[in-house]
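Student: coords below, sequence missing:
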């Protein structure tokens, strides 16, 4: 037994191709222990060289995330934004929202808003996840619940946490000791340099060293290798030097047009808050690469971020024409249909996702809602049951219970609705919508004091929503507390200027005050 | 069917104005479709979770070692 063994390096290579990175790295370590390579590229041991590169690549792949998708803006970057050209951008040229730019977007009476004042989307990516507040005022106003906390700066954000964690898992210390590395030597060997760069950039998260290596390498290639220019651009982007990054990407594009480079450059423009330039760039890219899904999708995302939902869904449809299994496009179109009063069409999109093998809490929750509003009652409760059983954490469960509360309201079972909203709060104590809805139910029972307390909690948790403000105004008006009612009504108007009932209430209150 | 029709007849006033008082009611927050997560986000979350798990285990191991040493 065991007398016939595969050549270890071949086995490691095979592990790598099957994406079993841990065994691959372990095997490479064994090979390297037998024939130490010891950070000396001069040694002419081809096997140890190969093992070294393979291990580097395996370790990189373990923590690799697509750099295009990663974007997290910290508070410091937002406040100390040196790149802003104008304090107040002209309408239609900025991703930051002002109250007037909401015109044309869906009404908050139909489609809930995120904290950033954007309509909720059908799909979250790392950059949309935290919902970057549009203005500094919003950033400070937003209450710090456990789920909305921004990192202080992006350089203290997720990158670093992951980087240090990956080092901790290695009991013998890091695989490559960066401070002892002779970067110039590596830069002269392009194959080593590329693997090493990715390792430093993705695994160690040491952008400065990565930049040094990239700079030396591009010099060695006499500035003729577009790949190195893109990497330098990536480093500059991470360091927050956006204009320098832009230059590198542009120069790389001149040499060799690649889809990736277009995406990176557009990412720079989006960070610089120049959506129109990014759109033009994408269109330019589409001329070179007609029908490229990532470019089309990029356009759709920008339109969505600019609140131009109709153009966004047009481009998402274009994406689906090229790739009919694109989850993001299907989810976004589905949610657009749901919020434009066509739940039965939304249902078809979500069913398509289910057919494609997406199987998670969010999807079943959406299916349940669509089924209920499309009057397919038989599937509603089973979908929600499944969503609850698939919920991975308490926040997800809270959202499912919250939606289930709506079903209960819809069928008129107010006791069940009450219990559902309570359960949502048990699971997530910061669920502002559930507080508001619970208050409405309490009001129906005539418990004014409870309702008031709940509404106050809701409006302090989510100042961007108009519902708790309006409800509080209506309630205060009812019990004769006109001053508080007026203050709350004005907050409600600020959150949703076109709300007729709020305008009506304010008018009424003003008449009252004039009579005094 | 004809019988049923005769049983329920709609009543519409033929003269005079029909007025409905619009009572402002409180507003419920709308149902929330949950956004699906992108693959990158899922991978990031998974990586973060495993990283936290290993750190926690290391801490527990360290504590135990500390206790046995004392």
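Tutor: That came through fine. Since the structure is predicted, the reported quantities are computational estimates derived from the model, not experimental observations.

Student: for the rest of this, base every contact and every neighbour count on C-alpha atoms.
Tutor: Will do.

Student: go ahead and confirm residue A:272 touches residue A:241.
Tutor: No. Taking contacts as C-alpha atoms under 8 Å, residue A:272 lies outside contact range of residue A:241: 10.5 Å.

Student: who has more neighbours out of these two?
Tutor: A count of neighbours by other C-alpha atoms under 10 Å in any protein chain shown puts residue A:272 above the other of residue A:272 and residue A:241, at 20 against 15.

Student: distance of that one from chain B?
Tutor: Noted for residue A:272: a distance of 23 Å to chain B, by C-alpha to the nearest C-alpha, to the nearest Å.

Student: do the same with residue A:411
Tutor: Distance, residue A:411 to chain B, using C-alpha to the nearest C-alpha: 14 Å.

Student: name the residues that touch stretch A:351-365?
Tutor: Residues outside stretch A:351-365 that contact it (C-alpha atoms under 8 Å, 6 or more residues apart in numbering or on different chains) are A:325, A:327, A:330-331, A:350, A:367, A:383-384, A:386-392, A:396, A:400, A:403, B:33-36.

Student: how distant is it from the center of its chain?
Tutor: Its chain's average C-alpha position is 19 Å from that of stretch A:351-365, according to C-alpha atoms, centre = their mean, to the nearest Å.

Student: in chain B, which helix or strand is least confident?
Tutor: helix B:2-7 (a mean of 60; mean pLDDT, DSSP states H and E).

Student: hang on, isn't residue A:372 packed against residue A:382?
Tutor: No. Counting by C-alpha under 8 Å, residue A:372 stays clear of residue A:382, with 11.2 Å between them.

Student: of these two, who's got more company?
Tutor: A direct count of neighbours by other C-alpha under 10 Å for residue A:372 and residue A:382 places residue A:372 higher, at 22 against 14.

Student: quick one, what contacts that one?
Tutor: Residues in contact with residue A:372 (C-alpha under 8 Å, 6+ apart) are A:379, A:380, A:407.

Student: how does it look with 6 Å?
Tutor: residue A:380 (C-alpha atoms under 6 Å, 6 or more residues apart in numbering or on different chains).

Student: mind giving me the PyMOL command for buried ones among the contacts of stretch A:351-365?
Tutor: PyMOL command restricting these to the buried ones, with burial defined by 16 or more other C-alpha atoms under 10 Å in any protein chain shown:
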select buried, (chain A and resi 327+330+331+350+367+383+384+386+387+388+390+391+396+400+403) or (chain B and resi 33+34+35+36)
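
Student: taking the contacts of stretch A:351-365 one by one, which sit in helices?
Tutor: A:327, A:330-331, A:350, A:367, A:383-384, A:386-390, A:396, A:400, A:403 (DSSP state H).

Student: which of the residues you listed sit farthest apart?
Tutor: A:330 and A:389 (23.9 Å; C-alpha to C-alpha).

Student: about what we covered before: of the ones in helices among the contacts of stretch A:351-365, list those near chain B.
Tutor: residue A:403 (C-alpha under 6 Å from any C-alpha of the partner chain).

Student: which one of the ones in helices among the contacts of stretch A:351-365 is nearest chain B?
Tutor: Nearest to chain B out of those is residue A:403 (C-alpha to the nearest C-alpha; 5.6 Å).

Student: residues of the stretch 351-500 of chain A that sit close to chain B?
Tutor: A:362, A:366, A:403, A:433, A:437, A:467, A:471.
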